[in-house]
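*Asks:* turn this into a structure:
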Amino acid sequence: MKLATKIIHAGAEPDPSTGAIMTPIYQTSTYVQEAPGVNKGYEYARSQNPTRKALEEAYAILENAKYGLAFSSGVAATDSVIKLLNPGDEVIAASDMYGGSYRLFTKVWERYNIKFIYVDTTNPANVQAAITANTKLIWVETPTNPLMNITDIEAIAAIAKKAGALLCVDNTFASPYLQNPMDSGADLVMHSATKYLGGHSDVIQGCLMMNDAALREKLYFIQKSCGAVPGPMDCFLVLRGIKTLHVRMKQHCENGAIIAHHLSRHPAVAKVYWPGFEDNTGYAIAKKQMRDFGGMISFELKDDSISAANKVLSSTKIFALAESLGGVESLINHPASMTHASIPREERIKNGLSDGLIRLSVGIEDAGDLVADLNQAIG
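*Replies:* Alright, predicted model coming up:
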C-alpha cells in the first residue's frame, strides 16, 4: 500500500454498530461488565478506550511498527521511556535537543540517580566514546530542535545494539511522512503528536511506537499505572489530523524549500539552518533516511543582537509569534527565550544555539505571502 493511502486509512475501521466511517468519540470513564472480569475488552478508560485504541493502531501503521501507545503529551511519552530505567543507569542524549526534554532529564530524573551524557550525535564516534556498561538508552532527535542537525539513525542503532541499549528517536520534526526510524533500527520512536500528526494546533498529545512485545507491555504498564493518557476527544482530533498528513507535509516541504533558499540569499541573514542545502554537513544522511527536508527552518541575522531578533519576531504579520510547530499556520519562535529557555545560556551557546537564533515553522499558506512577510519583518 502506498504511503498516502496508508496514512488516510491507518487505524480506520467502520463502527460495527452503526457503520460510521469515522471512529466515534467514546466519551466514557467506565464500561459495564456482564460479570466480574467478563467484559468486551474494556474495563476502565485509563486502561483502554476504543477511540484511543484506533489511534494507537494508526500510530503503529504510520511508523511501520507493531505497536503504538498514546500519551497526554510528548513529554509524557518521553517520561514513560525514562521510567524503564533504574537508578545508576546512563542515557546518552543529543546535545542539541528540545528544551522540554532537557528540563525533564536534568530537573526531574537526575534526582533519581539517572545519569545523562550529552554528545553531538551527528558524529557516531561521539556516541561510541560515551558508551559504558551502564548505558541503557540512547536518545536522538533528527532533525534536531532547533539547529536541524541530522543524525545517522542506522549508525547509532548499530552502536546501541552492540551495547545492549535501547535507541529512541524523537521523530517529531520529520513526521512519519518524511522518515521512519524503525526501518533504520530504532527500538522506539517518539512523537509530540501535538505537532505534525495533529497538524492543526488544537490538541496536546504524544506517542510511542515499538516492535518488541515485551517492551510494549512494559510501556503499557507504565501508561496505565501512571495515567498520562489522552482523552477520547483528543484522540479523535489526532485521528482526523492524520488523514491529511501527506497533503499537509507536501506543502510544508514545498514552502520550506522556498523560504530556506530565499533566506539564504537575503542580505541581512547570516546563516540558515535547513537540512536540504547540499552544502549542509548532514545533507547526505538526510537524503538517505528522509523523503524530503521538511518545513522547519532556523536562521541568524548578520546583526546578531537580541534587539535585532526581537524586531523581526515582533514584526511579522502572517508568521505568528508562538511556541510549538507543525500546524497549518506559520509560526515564528525565539528558542533562547521560549522553547529552550530551560537550558542554561552557557550550554545553549556551547551547542551553537545563539541568543539571536530565530526558528520558523513554515505553514501551508501561499509561499509568496510568507516571503513577503519575512521581507517586511527583516527589513
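
*Asks:* what about the strands in the stretch 51-200 of the chain?
*Replies:* Ranges of strands in the stretch 51-200 of the chain, per DSSP state E, counting those that start in this stretch, are 67-71, 90-94, 115-119, 135-141, 166-170, 188-192.

*Asks:* dump the second one to CSV, keeping only the CA atoms.
*Replies:* Once non-C-alpha atoms are left out, strand 90-94 reads as follows in CSV (Å, rounded to 0.1, in the frame of the first residue of the first chain):
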residue,chain,number,x,y,z
GLU,A,90,23.0,6.1,32.0
VAL,A,91,21.4,7.8,29.0
ILE,A,92,23.3,9.2,26.0
ALA,A,93,21.3,12.2,24.6
ALA,A,94,21.8,14.6,21.8
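
*Asks:* how about it: buried residues?
*Replies:* Glu90, Val91, Ile92, Ala93, Ala94 (16 or more other CB atoms under 10 Å). Where C-beta positions appear, they are placed from N, C-alpha and C, glycine not excepted.

*Asks:* what's the closest of those to Val81?
*Replies:* Val81 lies nearest to Val91 out of the buried residues of strand 90-94, by CB to CB, at 9.3 Å.

*Asks:* between the two ends of stretch 109-127, how far is it?
*Replies:* End-to-end distance of stretch 109-127 (CA to CA, to the nearest Å): 21 Å.

*Asks:* tell me the average confidence for that stretch?
*Replies:* Mean pLDDT, stretch 109-127: 97.

*Asks:* likewise stretch 202-209?
*Replies:* Averaged across stretch 202-209, pLDDT comes to 98.

*Asks:* am I right that Trp139 is in contact with Ala160?
*Replies:* No. With contact defined as CB atoms under 8 Å, Trp139 does not count as touching Ala160 (10.4 Å).

*Asks:* returning to that earlier point: nearest to Asp355, of the strands of the stretch 51-200 of the chain?
*Replies:* Taking CB to CB, strand 115-119 is the member of the strands of the stretch 51-200 of the chain nearest to Asp355, at 19.8 Å.

*Asks:* do you know how far the nearest residue to His252 once chain neighbours are set aside is from Ser307?
*Replies:* Among residues not flanking His252 along the chain, Gly295 sits closest, at 3.3 Å (CB to CB, 6 or more residues apart in numbering). In this view, Gly295 and Ser307 are 28 Å apart by CB to CB, to the nearest Å.

*Asks:* looking at those two, which is more packed in?
*Replies:* Gly295 (29 against 8; other CB atoms under 10 Å).

*Asks:* isn't the more buried one right up against Ala367?
*Replies:* No. Contact criterion CB under 8 Å: Gly295 and Ala367 do not qualify, at 10.7 Å.

*Asks:* anything in contact with each of the two?
*Replies:* The contact sets of Gly295 and Ala367 overlap at Asn255 (CB atoms under 8 Å, 6 or more residues apart in numbering).

*Asks:* which stretches in the chain count as helices?
*Replies:* Counting by DSSP state H, the segments of the chain that form helices are 3-9, 50-62, 74-82, 99-103, 124-130, 153-163, 175-178, 213-226, 232-242, 245-265, 283-289, 306-313, 345-350, 367-378.

*Asks:* which one of those has the lowest average pLDDT?
*Replies:* Among the helices of the chain, helix 345-350 scores lowest, at a mean of 81.

*Asks:* list of residues touching that one?
*Replies:* Contacts of helix 345-350 (CB under 8 Å, 6+ apart): Pro335, Ala336, His340, Ser354, Asp355.
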